[in-house]
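Undergrad: Show me how the following folds:
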Amino acid sequence: MRRFVDFFRPKKGPEAEGAPPAYAGVETSAPEVPASVNAEPSPVETTSTTPAAEPAVAAASSDPPAEGIEAQVIGVLRDTFDPEIPVNIHELGLIYETRVDPAGAVYIKMTLTSPMCPVAGSLPPEVAAKVRALPGVTDVNVDLVWEPPWNPNMMSEAARLQLGMM
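TA: Coordinates of the predicted model:
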């Protein structure tokens, strides 16, 4: 039985199948810097009965909310491509879960098209590095999993259309 990605490779002689890479996941962390360091509240004009101190405190926080970070993480995933398939990893269905906690720690549960995938050692660290570069991200944990196994049904309609599978 041929792997899904084999349909997109140029035909060559028989390829030797090796053991899957001994890769358990990627954990990275960046040093934490409190948002309040060197932050000064900006003057805020108020026309309501709300005390001026509340908006000034909100203005002092420079970290984006967790919802904003999650949207940025998904944007990064949509800009990251499996080098063998011309579709981003989010649309391919390789991302099983993304979570961002209020402190800015990001958890990504992902898989690859096959345990024999040649990018098993490079794609998860690439994802972690791109996410770590986002403003407000304090920690990144990319968990590479094999259950449930990926299959072409996990692709979005857009990915299937792009690959001519509809």
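Undergrad: Nearest spatial neighbour of Ala104, chain-adjacent residues omitted?
TA: Careful, residue 104 is Gly; it's not Ala. Thr138 (3.8 Å; CB to CB, 6 or more residues apart in numbering). C-beta coordinates here come from the backbone N, C-alpha and C atoms, glycine included.
Undergrad: Show the model's pLDDT score for the one you found.
TA: pLDDT recorded at Thr138 is 95.
Undergrad: so how far is Ala158 from it?
TA: Distance of Thr138 to Ala158, given as CB to CB, to the nearest Å: 32 Å.
Undergrad: So the two - more neighbours on which side?
TA: Legend: neighbour count by other CB atoms under 10 Å for Thr138 and Ala158, higher for Thr138 (18 against 12).
Undergrad: what separates Trp76 from Asp82, distance-wise?
TA: Slight slip there: residue 76 is Val, not Trp. Val76 is 15 Å from Asp82, by CB to CB.
Undergrad: So which bits of the strand or helix carrying Ile74 are buried?
TA: Ile74 belongs to helix 66-78 when assigned by DSSP states H and E. Counting neighbours by 16 or more other CB atoms under 10 Å, one finds that the buried residues in helix 66-78 are Ala66, Ile69, Gln72, Val73, Val76, Leu77.
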